[in-house]
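Novice: Show me how the following folds:
(chains A, B, C and D)
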There are 2 protein chains.
Amino acid sequence: MRKLKRDRRPTLKDVAALAGVSPITVSRALRDPRMVSEDLRARITASIRQIDYTPDPNASALASARTNVLAVMIPSLTNIVFSDVMRGIYDAVEDSSYQVQIANVRYSPVAEERTLRMFLSQRPAAVIMTGVDQTKAARELMERCGRPVIQIMEATDAPVDMAVGFSHYEAGRAVTRHLLDSGFRRIGFLGARLDPRSLRRIKGCQDVLQEEGLSDPSLLEATQAPSSVALGGHLLRRLMARRPDIDAVLCVNDDVALGALFECQRSGVAVPGRLGIAGFNDLDGAAVACPSLTTVRTPRYEIGRRAVGMAIAAIEGTSIIDRRLDLGFEIVARESTRRL
Amino acid sequence: MRKLKRDRRPTLKDVAALAGVSPITVSRALRDPRMVSEDLRARITASIRQIDYTPDPNASALASARTNVLAVMIPSLTNIVFSDVMRGIYDAVEDSSYQVQIANVRYSPVAEERTLRMFLSQRPAAVIMTGVDQTKAARELMERCGRPVIQIMEATDAPVDMAVGFSHYEAGRAVTRHLLDSGFRRIGFLGARLDPRSLRRIKGCQDVLQEEGLSDPSLLEATQAPSSVALGGHLLRRLMARRPDIDAVLCVNDDVALGALFECQRSGVAVPGRLGIAGFNDLDGAAVACPSLTTVRTPRYEIGRRAVGMAIAAIEGTSIIDRRLDLGFEIVARESTRRL
DNA sequence: GACCGGTATGGTTGCGCAATCATCTTGTCA
DNA sequence: TGACAAGATGATTGCGCAACCATACCGGTC
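Specialist: Coordinates of the predicted model:
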């Protein structure tokens, strides 16, 4: 009677009865066809199709204490950076048997820790986390959870388990060096959000300026507010009010850079003649802005793909894998920093 | 011996033993605390904390044939429109017991149908799908799956179950009307992707032009390629080569509009003096572009929130709900269509 | 011809929880 | 005071699958 209340879907047992084998043989045929002889396999496949059987992943997870879920934590859903990472992740699982579970932790290590606990209670096959700045408790969970953990976005020498990304510090240094090489000397910085990766880029910039004796705290205009195009304009106005002598701004990302560019267009500041502008990420619009924006191309999509590749390799133990992967970055010099 | 092989986590039974009650009481205390007396509840809560118990969602799902999963299908991960929808969805489940499962169906009804089958085999609590243009088979599955189904992004009179969105056709009409009211007469259209919603916007535009006797097929420049800022420039160049007499372009979205604006800046076409530009969605940058972009503000975030609200209301059967929700849109007139 | 090892298949059990029904307690009212 | 309702708690069972161990069968070896 209980069975009648549920909308009874076909189960392994139904397939087995139809094919004239035991349920466990059907289970094997599905999980690892090589374990079953060819003719049984054919009969089982036919039976599955005939009654339109689909396995119940919950029952499977319960019986085997294993899932096919990759748990992913990212700090933002709207930052295009993570949209690209997610696309890489989803593309990479496309032809595998794995599933992705995304959580938005809103740039909060505390929320991240909470989410991690929730995820681990579901016994995911692997965990993908953003950055290397987890809370102490989260780090301990990551170390002891007994599953692959991939930290993405940053290159690090000491991943908890595995890591794939690039050096934000070196990227900050490189683009600052590019500005210096292009002849700019009083280089401001427009910062937003100030997450750990932004801070490392800022640090890279400041270290280079320091080395050249061009450092000055008043060149930094930054806020905790989320970055946006509109914010880029506000920050530039504030910086130029305080330091009208700057000849270039390095922006924490392309959104802010675009906002700065619009602000210059609006207030008649020639770019790059009067002010050079450089961004970060090489978003779609950077190449076609007027003038086109110098920026740093970052391997966001590839980070997502590789992270999943590393996770699956670790789960299945098939191939030897690098535990640390630095995918690098590329300075893309365009019109906005081209001194005549 | 089997138990030793698994990393044995505490279960309901452990909590029950510690608290001196039966497992089912613990289960009740967790699912609906009102069913359990106050002192037992306190003892159970203490025991849970003491041994750090977390429920096993797979076991729960198996036993109850129910999950707390909201299955969501969206056509793109990188289109900012859906980033906002996702943010609304994730925000709405934040304080609930529900979980979100996202799938990227890449604007493909066939992939959408395949994904729907996969999702339904997991018995989600509800299903959220984008648009109203599912395959016939998918539509049948949606009708017969026995769970709430919410179609998002479009207002429709005949949802399979429930729908929340706005009328793309009316939005296309309204913004075209705005261009006419602003004095533009030879209005081109730049289209990309050409998904069903884009097509309805185009239709809205063309119908208005038709009514005014201003319609002409050669005013439409469209491609199946995914939209981007760069594409906006290309499309505008092509359109102006063919129809140098146009005095405004309506763009399928703000990315394309921004690309068109950059193209104008680059080629010295005055906006709005020589060419008016209007976009769609009111993205972050539209308000601060130079000139600022006229566009249509769409309730993307709110669609996500409401969809989840409708889903939960339907699952729990608590409140009376509208099965159709039209959240409307708003024409945002800015400099790019301001005729002097 | 007895024995061995490997392969293919099946039987039994339990994963952790919730549905169902049964039982117990308490309070209320005629 | 007894009957009964309503609420609180417990015992039993099974969800669908995979782990584990058992068994049947094969061909080859000495």
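Novice: near DNA strand C, which residues of chain A?
Specialist: By Cβ under 7 Å from any atom of the strand, the residues of chain A that approach DNA strand C are A:1-2, A:5, A:20-25, A:28, A:35-37, A:40, A:59, A:62-63, A:65. C-betas here are computed from N, CA, C, even on glycine.
Novice: what do you get if the cut-off is 10 Å, keeping everything else the same?
Specialist: Contacts of chain A with DNA strand C, taken as Cβ under 10 Å from any atom of the strand, map to A:1-2, A:4-6, A:13, A:16, A:19-29, A:33-41, A:43-44, A:58-65, A:121, A:123.
Novice: Can you say which of the residues you listed are buried?
Specialist: By neighbour count, with 16 or more other Cβ atoms under 10 Å in any protein chain shown, those hold A:16, A:19, A:21, A:25-29, A:36, A:40-41, A:43-44, A:58, A:60-62, A:123 as buried.
Novice: Show me the residues you listed that map onto helices.
Specialist: The helices, defined by DSSP state H, take in A:16, A:19, A:25-29, A:40-41, A:43-44, A:58, A:60-62 from those.
Novice: which residues in the stretch 1-150 of chain A form helices?
Specialist: Taking DSSP state H, counting those that start in this stretch as the test, the helices found in the stretch 1-150 of chain A are A:2-5, A:12-19, A:23-31, A:38-51, A:57-64, A:80-93, A:109-120, A:136-144.
Novice: Columns mean pLDDT and distance to B:Ser227 on top of these, output as a markdown table?
Specialist: Listed next are those as a markdown table, based on pLDDT from 0 to 100; distance: least, Cβ to Cβ, whole Å:
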| stretch | mean pLDDT | distance to B:Ser227 |
| --- | --- | --- |
| helix A:2-5 | 35 | 49 |
| helix A:12-19 | 90 | 46 |
| helix A:23-31 | 90 | 41 |
| helix A:38-51 | 89 | 40 |
| helix A:57-64 | 90 | 36 |
| helix A:80-93 | 96 | 14 |
| helix A:109-120 | 93 | 33 |
| helix A:136-144 | 94 | 38 |
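Novice: rewinding a little: intersect the ones in helices among the buried ones among the residues of chain A next to DNA strand C with the contacts of chain B.
Specialist: If you filter these for contact with chain B, counting by Cβ under 8 Å from any Cβ of the partner chain, you are left with A:Asn58, A:Ala61, A:Leu62.
Novice: what residues are up against the second one?
Specialist: Meaning A:Ala61. A:Thr67, A:Arg123, B:Asn58 (Cβ atoms under 8 Å, 6 or more residues apart in numbering or on different chains).
Novice: Out of those, the closest to DNA strand D would be?
Specialist: Proximity of the contacts of A:Ala61 to DNA strand D (Cβ to the nearest atom of the strand) peaks at B:Asn58, which lies at 8.4 Å.
Novice: contacting residues for that closest one?
Specialist: B:Asn58 sits next to A:Asn58, A:Ala59, A:Ala61, A:Leu62, A:Thr67, A:Gln122, A:Arg123 when contact means Cβ under 8 Å, 6+ apart.
Novice: ok, which of the residues you listed also contact DNA strand D?
Specialist: A:Asn58, A:Ala59, A:Ala61, A:Leu62.
Novice: who does A:Leu190 bridge with?
Specialist: In this entry, A:Leu190 is beta-bridged to A:Glu221, A:Cys251, by DSSP bridges.
Novice: Skipping adjacent residues, who's closest to the residue nearest in space to the middle of chain A in space?
Specialist: Residue closest to the mean C-alpha point of chain A, counted by Cα atoms, centre = their mean, is A:Val85 at 4.1 Å. Nearest non-adjacent residue to A:Val85, counting by Cβ to Cβ, 6 or more residues apart in numbering or on different chains: A:Gly304, 4.1 Å away.
Novice: That neighbour against A:Ser83, yeah?
Specialist: No: in this structure, A:Gly304 is not within contact of A:Ser83 by Cβ atoms under 8 Å, at 9.8 Å.
Novice: ok, these two, which is more surrounded?
Specialist: A:Gly304 (30 against 24; other Cβ atoms under 10 Å in any protein chain shown).
Novice: Let me know the helix or strand that the more buried one is in.
Specialist: Assigned by DSSP states H and E, A:Gly304 belongs to helix A:300-316.
Novice: would you put the C-alpha positions of that helix in CSV?
Specialist: Extracted as CSV, the C-alpha positions of helix A:300-316 are listed here (Å, rounded to 0.1, in the frame of the first residue of the first chain):
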residue,chain,number,x,y,z
ARG,A,300,39.6,32.3,-16.1
TYR,A,301,37.9,29.7,-18.3
GLU,A,302,41.0,27.5,-18.3
ILE,A,303,41.2,27.7,-14.5
GLY,A,304,37.7,26.2,-14.3
ARG,A,305,38.4,23.5,-16.8
ARG,A,306,41.7,22.5,-15.2
ALA,A,307,40.3,22.5,-11.7
VAL,A,308,37.7,19.9,-12.8
GLY,A,309,40.3,17.9,-14.6
MET,A,310,42.5,17.9,-11.5
ALA,A,311,39.5,16.9,-9.3
ILE,A,312,38.5,14.0,-11.5
ALA,A,313,42.1,12.8,-11.9
ALA,A,314,42.5,12.8,-8.1
ILE,A,315,39.1,11.1,-7.5
GLU,A,316,39.7,8.3,-10.0
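Novice: Point out the other helices and strands that that helix packs with.
Specialist: With contacts taken as 3 or more Cβ pairs under 8 Å, 6 or more residues apart in numbering or on different chains; DSSP states H and E, helix A:300-316 sits against helix A:80-93, strand A:126-130, strand A:149-154, strand A:162-166.
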